[in-house]
Each structure stands twice: as C-alpha cells, then as structure tokens.
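> Quick one: sequence and predicted model below, then my questions.
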Amino acid sequence: VSQSRYGWHGERVGYQLRKIYNDDEGAKYITQMKGGFGFMSLPNVPSNAVVVVEDIVSAIKIGRQVRTVALLSTGLSPMVKATLAQYDMFYVWLDMDNEQVIRQAVKLLNILKNFGRTKLIQTEKDPKNYSNEEIRSILYDT
C-alpha cells in the first residue's frame, strides 16, 4: 500500500479487532476490510439479536446495547450473510432517506427471514441521531 497526496492506493487486505479496556474478554468492534464485511459492534449482551445498519457511526451508537452490523452500503455480501446466520432475530434499521433505500431494506428483510425473525425499523431520523434511551425504546418498546 502506498500513499500519495491524493490518499492511499492499494488493496486492503486485513481486518481490525478492537479491545477497549484491558479487562475486556474479547473484541468490542470488528472491521473486515476485504470481502465487503463492513463493521460489527460486539457488546457483551445476552440477546441473540443483531441490528443491520448502513454506517459505522450508527453501528457504534446502537451497538452500545445490541450487536450491530454496518454494511457500509445497503447490500449483504456472502461474508455478512455467513456471519448473520448465527443470529435468530434481525432488526433492519437503514437511513430510510429515499425510496431506493426503503426497497433495499425490504429486500434485506426477505433474505434475513431465512435465518430467523425480522423487524423493519422506520424512523424519521438516521439511527445515529437518536439518544441511547430513544434507541432502546425504538428497539424494544414497539
């Protein structure tokens, strides 16, 4: 990988795991660079649910309470499908800012129904723009 005045050039070939505190048992966040994985938040929660979002900031914000996967797009790569297959409840919470994204969210739901229960979350704002309390309420009180 080389750098020029326009940025980095080359192929991304690895992944990143982050352990936040010394006493953490494992990684809290994973970023898979190659293969289109995106970003995953792995809080230590008892639930076997995962929230599928578009971007990393939404994944971090929601990932304080439940596992999240940021697609960094609106599609599912084979690697993401394989990872998601271990869960049994799926929330799809995309940015819902245009008709194309809404259609993609419905498509994601139809794919994820093969693995377990699904719920589409439609909100006026992007997931990252809600408080922790609002996120909990949106996920669990409706």
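Nice, I can see it. Residues are numbered from 1 along each chain as shown.
> got the residue ranges for the strands in this structure?
2-4, 7-9, 15-18, 29-32, 38-41, 49-53, 67-70, 89-92, 117-120 (DSSP state E).
> Give the partner strands of the longest one in its sheet and their orientations.
Spelled out, it's strand 49-53. Its sheet considered, strand 49-53 pairs with strand 67-70 (parallel), strand 89-92 (parallel) by DSSP bridges.
> Deepest-packed of those strands, please.
strand 67-70 (a mean of 24; mean count of other CB atoms under 10 Å). C-beta: built from backbone N, CA, C; applies to glycine.
> which residues sit against that one?
Contacts to strand 67-70, defined as CB atoms under 8 Å, 6 or more residues apart in numbering, come from residues 38-43, 45, 47, 49-56, 58-60, 62, 80, 83-84, 87.
> And the buried ones among these, selectable in ChimeraX?
Of the contacts of strand 67-70, the buried ones go into a single ChimeraX selection, burial set by 16 or more other CB atoms under 10 Å:
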select :38,39,40,41,42,49,50,51,52,53,54,55,56,58,59,60,62,80,83,84,87
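> hmm, back to that, with respect to the strands of the chain, which exhibits the lowest mean confidence?
For the strands of the chain, the bottom mean pLDDT is recorded on strand 2-4, which sits at a mean of 44.
> Tell me how many other residues crowd Val101.
14 (other CB atoms under 10 Å).
> Quick check: chain neighbours aside, which residue is closest to it?
Of all residues not flanking Val101 in the chain, Leu94 sits nearest, at 5.3 Å (CB to CB, 6 or more residues apart in numbering).
> check contacts around the one you found.
With CB under 8 Å, 6+ apart, Leu94 has these contacts: 52-54, 74, 101-102, 104-105, 108.
> Just to check, Ile62 is in contact with Val53?
Yes: contact criterion CB atoms under 8 Å: Ile62 and Val53 qualify, at 6.4 Å.
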